[in-house]
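A.B. asks: sharing a model that was predicted from the sequence below.
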Amino acid sequence: MVDDLTEATRIGDLNGDAQPLVLTIEGERYVIVGGWAPGGEPWDRVEIRSPGPSPRLAFTQMCRVRNDVWLSFPEPFREGMEVTVAFCQGDTVLFERESGPLEADALEPMFGPGWTGYAPME
């Protein structure tokens, strides 16, 4: 679960390897991406990339895994944007997940081969 402690509201659930969520900050929509990373997972950071039609709308972030989860900083959201999430150990990219075009009312988790439709396979 992702909660906004300032507003005392639930933003959404973290599902899959990566889950995009949209939140509103001062009237503007932003996207965050997060996921579950249980203690035995081999990656130590997540890189999120989103190309944009202009440099101002493109972004790359590095997210550290802490307490078995990771979460990005908010970035401006635009309908149809796409993100690539790379799971890394040191300088090595272990695997990537790519979203389809993101729509605020139909955000879906990005599942890898280690998931069934309802839970991770461990």
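C.D. replies: The structure has been received and is ready for your questions.
A.B. asks: from what I can see A58 touches S50, true?
C.D. replies: Yes - counting by C-beta atoms under 8 Å, A58 touches S50, with 6.4 Å between them. Yep, even glycine has a C-beta here, placed from its N, CA and C like the rest.
A.B. asks: tell me which of these two has more neighbours.
C.D. replies: Using other C-beta atoms under 10 Å, the more surrounded residue of A58 and S50 is S50, with 22 against 13.
A.B. asks: okay, now the unreliable bits of the protein?
C.D. replies: 1, 3-5, 39-40, 42, 55-57, 113-122 (pLDDT under 70).
A.B. asks: mind redoing it with 90?
C.D. replies: 1-19, 23-25, 34-73, 75, 78-101, 104-122 (pLDDT under 90).
A.B. asks: where do the strands sit along it?
C.D. replies: Along the chain, the segments classed as strands by DSSP state E run 2-4, 9-12, 19-25, 28-36, 45-50, 59-64, 69-71, 75-76, 84-89, 92-98.
A.B. asks: wait, E103 sits on R78?
C.D. replies: No - at 10.5 Å, E103 does not count as touching R78 under the criterion of C-beta under 8 Å.
A.B. asks: number of nearby residues for C88?
C.D. replies: Neighbours of C88 (other C-beta under 10 Å): 17.
A.B. asks: okay, now the residue nearest to it when sequence neighbours are not counted: neighbour count?
C.D. replies: Leaving out its chain neighbours, the residue that sits closest to C88 by C-beta to C-beta, 6 or more residues apart in numbering is R45, at 5.2 Å. Here the number of neighbours of R45 (other C-beta under 10 Å) works out to 16.
A.B. asks: what's the answer for I48, then?
C.D. replies: I48 - counted by other C-beta under 10 Å - has 23 other residues nearby.
A.B. asks: and it, how far from F73?
C.D. replies: With the distance defined as C-beta to C-beta, to the nearest Å, I48 ends up 9 Å from F73.
A.B. asks: between the two, which contacts overlap?
C.D. replies: Q61 (C-beta atoms under 8 Å, 6 or more residues apart in numbering).
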